[in-house]
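**Q** Below is the structure, and that's it, no one-letter string:
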């Protein structure tokens, strides 16, 4: 979420933090999380289990992640 600009923000109010690495290959998606190679919140479970179901993590925000995203935002 740190790499996404927010409506109403000026360019000087906050620096965007890019996600390092390359985006996932949409043609050859892995069975585990496609963001695993570049995720700073990855868990061992992420390497072993398929993606979890989508769940709400805020107002109009949903995630498919095993990490407790509420703590990270």
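**A** Received it, and whenever you're ready, just let me know what you need. All values reported here derive from a predicted model rather than from experimental measurement.

**Q** So residue 46 belongs to a strand, correct?
**A** No - counting by DSSP: H, G, I helix; E, B strand; the rest coil, residue 46 falls outside a strand, being helix.

**Q** check contacts around it.
**A** 32, 33, 36, 39, 66, 67 (Cβ atoms under 8 Å, 6 or more residues apart in numbering). Just so you know, the C-beta spots here come from the backbone N, C-alpha and C atoms, and that holds for glycine as well.

**Q** can you tell me how far it sits from residue 29?
**A** To residue 29, residue 46 is 15 Å away according to Cβ to Cβ, to the nearest Å.

**Q** how many other residues sit next to residue 68?
**A** Per other Cβ atoms under 10 Å, the neighbour tally for residue 68 reads 12.

**Q** Could you check the pLDDT of it?
**A** Residue 68 is assigned 79 on the pLDDT scale.

**Q** Would you quantify the distance from it to residue 35?
**A** Counting by Cβ to Cβ, the gap from residue 68 to residue 35 is 16 Å.
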